[in-house]
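Participant: coords please:
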Amino acid sequence: MDLKDNLGATGDDFYAALIATHDGLSESQSHALNARLVLIMANEIGDLARLAILLKAARKDATG
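Facilitator: The predicted model follows:
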């Protein structure tokens, strides 16, 4: 599934900020942060149908 690149040139900046957010956290703290981040972003998106598409895309990318 191809997803539209809405970040464009700022995608690398977001990735760097995301990695920096995890700096100094233990593995379990990092997993908890990711879970909170997913829920916060899901709330911002607020469209269950769109979220289902994104979950499917993420799962496909994770399993090859």
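
Participant: Which residue lies nearest the spatial centre of this protein?
Facilitator: For the chain, the residue nearest the mean C-alpha position is Val38 (6.1 Å; Cα atoms, centre = their mean).

Participant: which element is that residue on?
Facilitator: helix 27-45 (DSSP states H and E).

Participant: ok, now which ones touch the residue nearest to the centre of the chain?
Facilitator: By Cβ atoms under 8 Å, 6 or more residues apart in numbering, no residues touch Val38. The way it works is simple: take the backbone N, C-alpha and C, and place the C-beta from them, glycine included.

Participant: now the protein, which segments are flagged as low pLDDT?
Facilitator: Along the chain, the model assigns pLDDT under 70 to residues 1-2, 64.

Participant: quick one, phi psi at the residue lying farthest from the centre of the chain?
Facilitator: Each residue of the chain has a distance to the centre, and by Cα atoms, centre = their mean the biggest one is for Gly24: 19.3 Å. Recorded main-chain torsions at Gly24 are phi 90, psi 0, according to degrees, to the nearest 10.
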